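**Q** Requesting a structural model of the entry that follows:
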Amino acid sequence: MIIVGVGVGPNMLTQEAIEAIRNASLIYGSSRAIELAKEYIQGETHIIENYKQLHLLPSDAVVLSTGDPMFSGLGKFAGENDKVITGISSVQASCARFHVEMSNLGMITAHGRDPSAAKQALIREVGLGKNVFLLPAENFGCWEVADLLGKIGVDAKICLYENIGYPEERAVIGSVKNPPVAKSDMYCLLIVQVK
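**A** Predicted structure coming up:
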């Protein structure tokens, strides 16, 4: 199987990803991932019904993963002989948009998970002096992050980036005392500590 990152939004495919998609006879992905790559698809497409059965796909099947497969993506399902092609992630797009250096960045995902581990990771990472990129959960978003940072005494800018690459893309900077408000569920956060 070849797992291909299709980017976080429209027009964010790498040349390597485009070539893999064009040459694929069998393509699997979510409806959103297929939509992002549709311009280059020439083979047969299938919506993934059961992600835990990806290892049963033929070795030449291309599996589309939104963003980058190795950050909260389908790369976790790659076997030893599978290939993973990177995609432009929300991490990269957010850091570029808000001019945040990636070398001192903690990356956390709460997306689709119990947020307790993400909360502990956030406390740990800011305690180390790092800025943090966060993929939020429904019950651990802007307000909960701001509340947690306030309780532990961290002053930070909270940068919200949503619908990246789409016409309704929106980038907003708030603070711990006045966090930004998401207008969709397709968003990410950058917590940039005020020094």
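
**Q** Leaving out the residues flanking it, which one is nearest to Pro179?
**A** Using Cβ to Cβ, 6 or more residues apart in numbering and skipping the chain neighbours, the partner closest in space to Pro179 is Ala146 (3.8 Å). From N, CA and C alone the C-beta is placed, and that goes for glycine too.

**Q** Next, count neighbours for that neighbour.
**A** 22 (other Cβ atoms under 10 Å).

**Q** Give me the phi and psi angles of it.
**A** With angles defined as degrees, to the nearest 10, Ala146 sits at phi -60, psi -40.

**Q** so what's it up against?
**A** By Cβ atoms under 8 Å, 6 or more residues apart in numbering, Ala146 lies in contact with Ile158, Gly174, Ser175, Val176, Lys177, Pro179.

**Q** my guess is the second one meets Pro180, correct?
**A** So that's Gly174. Yes - at 3.8 Å, Gly174 and Pro180 qualify as touching, with contact defined as Cβ atoms under 8 Å.

**Q** Between the two, which contacts overlap?
**A** Between them, Gly174 and Pro180 share the contacting residues Cys142, Ile158, Cys159, Leu160, judged by Cβ under 8 Å, 6+ apart.

**Q** Tell me the pLDDT of the second one.
**A** Listed pLDDT for Ile158 reads 98.

**Q** could you measure Gly153 against Ile18, distance?
**A** Going from Gly153 to Ile18 by Cβ to Cβ, to the nearest Å gives 47 Å.

**Q** Ok, Pro10 next?
**A** 13 Å.

**Q** can you list the domains in the chain?
**A** With domains defined by automatic domain parsing, the chain comprises 2-88, 91-193.

**Q** Need the distance between the two termini of the last one.
**A** If I follow you right, that is domain 91-193. 17 Å (Cα to Cα, to the nearest Å).

**Q** do the first one as well
**A** According to Cα to Cα, domain 2-88 extends 17 Å from its N-terminal end residue to its C-terminal end residue.

**Q** Tell me where the longest helix sits in this protein.
**A** helix 116-127 (DSSP state H).

**Q** Need the CA coordinates for that helix. CSV is fine.
**A** C-alpha atoms of helix 116-127 as CSV (Å, rounded to 0.1, in the frame of the first residue of the first chain):
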residue,chain,number,x,y,z
SER,A,116,-6.8,14.0,29.0
ALA,A,117,-3.5,12.9,27.4
ALA,A,118,-3.5,16.1,25.3
LYS,A,119,-4.0,18.2,28.4
GLN,A,120,-1.1,16.6,30.2
ALA,A,121,1.1,17.0,27.1
LEU,A,122,0.2,20.7,26.8
ILE,A,123,1.1,21.3,30.4
ARG,A,124,4.4,19.4,29.9
GLU,A,125,5.3,21.2,26.6
VAL,A,126,4.6,24.7,27.8
GLY,A,127,6.5,23.9,31.0
